[in-house]
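Q: For reference, the sequence and a predicted model appear below.
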Amino acid sequence: MRFVSFTSSSFCNFVSRHFSSLPKLRQLRRIPSRYRSRAILQAQQVLTDYLHSTRSLSFDHAENISKNSLFSLSELISKVEFSPSNFFRNFQRFLRYHPINEIEFFFESIGVPPSEINGFLPSHEFFLSEEGNILKIAGALSVCGFPWNKLGTLYKEEISIFSRSPEALTAQLREFRAVGFDSIAVSGICLAFPFVLSGNDELSGEIDALFDDLKRVFLDFGLASSVEWSTDAWYEICKKIRVFYDIGCERGKMGELFGRRKNIFLEHTEGVLVQKVDYFCRFSVRREDVGLLLLQYPEILHYDLESPVISALDFLKHIGLSSEKLNSIAEQYPYVLGKNRLANVPHLMRAVNLHQWFFNKIMNGDHHLLINFVASDPDEDLEKEFKDSLARFLTPKAQNLTIGKLNFLLGIGFGENLTTIKALSRIHGSRAELQERFDCLLRLGVEFTKLCKMVNRWPKILNQNPDVIEQKVNFLCNDIGSSLQTLNAFPGYLCFDLENRIKPRFRIHMWLKQMGLVTKNYSIASIIADSEKKFIARLFNIHPAAPKQWLECFSCKNLGNSQQETTTT
């Protein structure tokens, strides 16, 4: 083996290149740019010596910490007077009288992002000697082949690892190597699946099942021979494998399927796998079925499922719907008509309640329907009407907000049509806010197809914060004793003020019922939506004294005669 000398000059150049690839460090703006890399190098040397000689850390630990904590180090550098000739001595003197928070430096050095470090720092401890085990565990893992600056992955995901004894951890790593993997492979596997080092006996079956799969794919099917001899390479491959476990594929039963499709893990990035998984999961099907789909038809990973433009009815005809079914969809769901992107097809199919049917077709081999689609000429009149109407909203001041709202509607299955423009004119908020409110209603149990219909009928139901929506739904179900089906018939319920309208009117009806004065059932819509004048007239018909009771005991003084809406605008 040939050893290459690493001179101060070459190391300085290395630091300079490393420094230039990182985000700008505002702490160093007072140091002239031509001196910054040298200042960092000198500070690292001083910090290494300080941690080793003064704080009694091993030299390897001290060097690992100083070399991998650039942000914390830069903060420290900014507190020291800089001059090209005296900075080294000035920094030494500063550390002599200003002890550092070693734990903060340690966390950054093992790869915890600076923005997240505060969430892991103990309240009162500043020195690694006060934190007991973490340095010992980091050292043990480093000796066993784990890159020092990747240990934060383990700490963030499975903190219990750093509470174990170094001896127990080393023994377990030795067992993993006995399976047939070398130290580099084991470190990559453990970084991708930190739970295997948790020391939890209840997970022993899961660990065995995982290694059975990994032995099958890497050793029996030869994937290991295609992986570069580095921890990073093993880590990247194992993260791709983990994508399938994270969506529900069962450990211990996937080895052969992974092995027969090993090129998936060699040819595609983790990002591509996650993107395709997310796409098909939007069909609201079993997540493990999505994993099986991609393993069964890996060619799907090459498909462009984002940018192609479709016409809703043409696409539905292309995938096998009859003319009668197409006419029914155009009548029941007019808001999905017009152009959309292939990226939004999963929610388009959910909007017309055909998502499970279409996903089953894909699973049964008709996945080519997603790419072998040639759109006919769109309805030019519909397209012109849509564009002309949209142009009225695209003022320079509100253009970005309007496009965001439109993309939200297209994203839930609405198409480019005048019905969508009508909804667009009535919803308020950013795309992210609208999506959050929409997702809130889904989470509360409203079906996607029915929710799209609700948004089409009463777009303003999305002009409320999620907590307000949740309060209204809870009152409907828990206090009124109704079901979510009520919202299908009367989505406008969600637009009325809970405290000033819904609760008072419901409570006087309950009081009248308890008094035996109500002889028929009134719908929630009639109780809540009627104007104040009409509502009081009804109370009078129930009993002449009821309006007085309403005004004195139940009515909110601030209640007007108009519909009350709770909005975020």
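A: Structure's in. What do you need? All values reported here derive from a predicted model rather than from experimental measurement.
Q: Quick check: buried residues in stretch 516-528?
A: 518, 522, 524, 527-528 (16 or more other Cβ atoms under 10 Å). Quick note: C-beta positions are derived from backbone N, CA and C, even for glycine.
Q: and that stretch, C-alpha only, in CSV?
A: The C-alpha trace of stretch 516-528 is given here as CSV (Å, rounded to 0.1, in the frame of the first residue of the first chain):
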residue,chain,number,x,y,z
GLY,A,516,-91.9,18.0,24.6
LEU,A,517,-92.7,20.9,22.3
VAL,A,518,-91.2,19.7,19.0
THR,A,519,-93.5,17.4,17.2
LYS,A,520,-91.4,16.7,14.1
ASN,A,521,-87.8,16.3,13.2
TYR,A,522,-86.0,19.2,11.5
SER,A,523,-83.0,18.7,9.3
ILE,A,524,-79.7,20.1,10.4
ALA,A,525,-79.7,22.2,7.2
SER,A,526,-83.0,23.8,8.1
ILE,A,527,-82.0,24.4,11.7
ILE,A,528,-78.7,26.1,10.7
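Q: circling back to that earlier point, closest one to residue 253 out of the buried residues of stretch 516-528, please.
A: residue 524 (49.3 Å; Cβ to Cβ).
Q: In this model residue 494 seems to touch the closest one, though I could be wrong.
A: No: Residue 524 is beyond contact range of residue 494, at 11.5 Å (criterion: Cβ atoms under 8 Å).
Q: what about residue 320, which SS state?
A: Using DSSP: H, G, I helix; E, B strand; the rest coil, the structure places residue 320 in coil.
Q: how near is it to residue 417?
A: Using Cβ to Cβ, to the nearest Å, residue 320 is found at 23 Å from residue 417.
Q: quick one: contacts for residue 168?
A: Applying Cβ atoms under 8 Å, 6 or more residues apart in numbering, one finds that residue 168 lies in contact with residue 199.
Q: any idea which helix or strand comes after the host helix or strand of it?
A: In the assignment (DSSP states H and E), residue 168 maps to helix 166-178. Next along the chain after helix 166-178, taking DSSP H and E as the criterion, comes helix 183-192.
Q: the inter-axis angle of that following helix versus helix 166-178?
A: 110 degrees (axes from the mean of the first three to the mean of the last three Cα atoms, to 10 degrees).
Q: name the helices or strands packed onto helix 183-192?
A: Applying 3 or more Cβ pairs under 8 Å, 6 or more residues apart in numbering; DSSP states H and E, one finds that helix 183-192 makes contact with helix 151-157, helix 166-178, helix 231-246.
Q: Keeping just the C-alphas, turn that helix into PDB.
A: These are the backbone C-alpha positions of helix 183-192, laid out as PDB (Å, rounded to 0.1, in the frame of the first residue of the first chain):
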ATOM      1  CA  SER A 183     -17.400  -4.900   8.200                       C
ATOM      2  CA  ILE A 184     -18.100  -2.500   5.400                       C
ATOM      3  CA  ALA A 185     -21.300  -4.200   4.400                       C
ATOM      4  CA  VAL A 186     -22.500  -4.500   8.000                       C
ATOM      5  CA  SER A 187     -22.000  -0.800   8.600                       C
ATOM      6  CA  GLY A 188     -24.000   0.100   5.500                       C
ATOM      7  CA  ILE A 189     -26.800  -2.300   6.400                       C
ATOM      8  CA  CYS A 190     -27.000  -1.000  10.000                       C
ATOM      9  CA  LEU A 191     -27.100   2.600   8.800                       C
ATOM     10  CA  ALA A 192     -30.000   1.800   6.600                       C
END
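Q: Mind listing residues that contact that helix?
A: Counting by Cβ under 8 Å, 6+ apart, 141, 144-147, 150, 153-154, 173, 176-177, 181, 196-197, 214, 218, 224, 227, 229-239, 241-242 sit against helix 183-192.
Q: still on that earlier bit, who has more neighbours out of residue 320 and residue 417?
A: Under the criterion of other Cβ atoms under 10 Å, the comparison of residue 320 against residue 417 puts residue 417 first, with 22 against 12.
Q: From residue 456, how far off is the more buried one?
A: 11 Å.
Q: what do the two both touch?
A: Counting by Cβ under 8 Å, 6+ apart, the residues touching both residue 417 and residue 456 are residue 335.
Q: In three-state terms, label residue 428 for me.
A: Classified using three-state DSSP, residue 428 is coil.
Q: So it sits against residue 465, correct?
A: No: using Cβ under 8 Å, residue 428 is not in contact with residue 465, being 11.6 Å away.
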